[in-house]
Structures are given as C-alpha cells and as structure tokens.
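# Here is my input, please return the structure:
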Amino acid sequence: MHGQGYMPPPQRPSHGVQIGLRVLFVALAVLSIGFLAWTALLRLALTTRSRTDWIVFASGAALQTCTVALLATDPGVDEFTTWRGDAGMTILLITLAGVVSYYLVADIRHGRKERLGFYGGGYANGYQPQQLPLQQQPHQRPAYGFPQQHYAPPTPPSTQPVHDQLTQTAGPAPTPVP
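This next block holds a predicted model:
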C-alpha cells in the first residue's frame, strides 16, 4: 500500500570528473589520429540525449566509415600513393578538428546547463519570476557609462471620489489598511 517514496535525483559527477572525461575523450580522438573521434560524439549523444547530437554522431560515424574506405583502397604500404589516400587522410584530419571542437563546445554548454538547473532558471517549470518595471533616476550620475536603474516604487492609492452604486452618493476613496 505504501511504497518507499520518491527516488532521490541522480548524482551528477563532480566538476573535476567532467573535465577529466573531456580530456580523456579528446586525447583518445587526437592520439588515434581521428580514427576514434566517433567515441567523443557517442559520449556526447548519450550524455545530452539530444536529437541534434545523435544526428551529429550518426553523420560523424558515416564520414569516418567513408574515410576508412578511402584509406583502405590506397595501394601504398607505408605511404599514400594515390589521390584516395591523400583525400582520405585530409578528410580524417578535418573531421578530427571538427569533432573535437564540437564536442568541447557542446559538452561544456551541457555542463553549464546542468549546474544552473535545467536550462538556466532553477524555477519551477513554466514559471518565471515577475520583473518590475525599471525607472531611471535623472539626478544620479551613471556609473561607468551605464545609467543607474532601480525598481519603481508601487503607486499610492487613488484619492479620486468613488461613486457608491447602492446609495448613489460620491465619497472619498477608502484609505488602505497598512
């Protein structure tokens, strides 16, 4: 009838562990001369679970497959002797630079979003804090070239006469209770 209650939220890895994983996956891609660059994209897609990252992973893996096919068709043993080997190695190195750049930018951005709460608010879903209108003070000097701004105070209650609908008489507005 009564369960164990809600499951606690999953623990996020510490900031140092995240940096260590970034270094590991970038080193894996660079030290393999781009042949294992797809592993960084796979980690990113599994971590963010974003459709865009899955599409980037699939296209990166397909490009890696085509590059390996180009390199495999080159008849040279120790060096590239045809245009296929040169084109394959060029594409491999360009892909390596693109994958490492994309991986670092997307993973750092995802880490920031997690640290700030889901997508930078920390507020309940669908609710944003109300912002009061800003009012500029003409008598204050701007600090560092920016105008000083503060929140506008609430307006005082109106002192206009209120017409009573029942007695059809006009009287002063009721005073607000502090």
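# Packing partners of the longest helix anywhere in the chain?
Determined from DSSP state H, the single longest helix within the chain is helix 83-115. In terms of contacts (3 or more CB pairs under 8 Å, 6 or more residues apart in numbering; DSSP states H and E), helix 83-115 is packed against helix 15-31, helix 38-48, helix 51-72. Every C-beta, even on glycine, is put in place using the N, C-alpha and C of the backbone.
# most neighbours per residue, which of these?
Comparing the helices and strands packed on helix 83-115 by mean neighbour count (mean count of other CB atoms under 10 Å), helix 38-48 comes out on top with a mean of 19.
# Please name every helix or strand in contact with that one.
Under the contact criterion of 3+ CB pairs under 8 Å, 6+ apart, helix 38-48 touches helix 15-31, helix 51-72, helix 83-115.
# returning to what we had before: just put the helices and strands packed on helix 83-115 in a markdown table and tack on distance to Asp78 and mean pLDDT.
Shown next, in a markdown table, are those (distance: least, CB to CB, whole Å; pLDDT from 0 to 100):
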| stretch | distance to Asp78 | mean pLDDT |
| --- | --- | --- |
| helix 15-31 | 20 | 94 |
| helix 38-48 | 26 | 95 |
| helix 51-72 | 13 | 94 |
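# Switch these over to a markdown table; also include distance to Ala106.
Output for those, formatted as a markdown table (distance: least, CB to CB, whole Å):
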| stretch | distance to Ala106 |
| --- | --- |
| helix 15-31 | 11 |
| helix 38-48 | 6 |
| helix 51-72 | 7 |
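# Which stretch among those approaches Arg109 most closely?
Closest approach to Arg109 among the helices and strands packed on helix 83-115 (CB to CB): helix 38-48, 9.1 Å.
# Next, the angle helix 51-72 makes with the closest one.
Here helix 38-48 runs at an angle of 170 degrees relative to helix 51-72 (axes from the mean of the first three to the mean of the last three CA atoms, to 10 degrees).
# Kindly calculate the angle that the longest helix of the chain makes with helix 15-31.
Going by the same axes, to 10 degrees, helix 83-115 makes 170 degrees with helix 15-31.
# I'd like to know which of the helices and strands packed on helix 83-115 lies nearest to Pro178.
Comparing the helices and strands packed on helix 83-115 by CB to CB, helix 15-31 comes nearest, at 48.5 Å.
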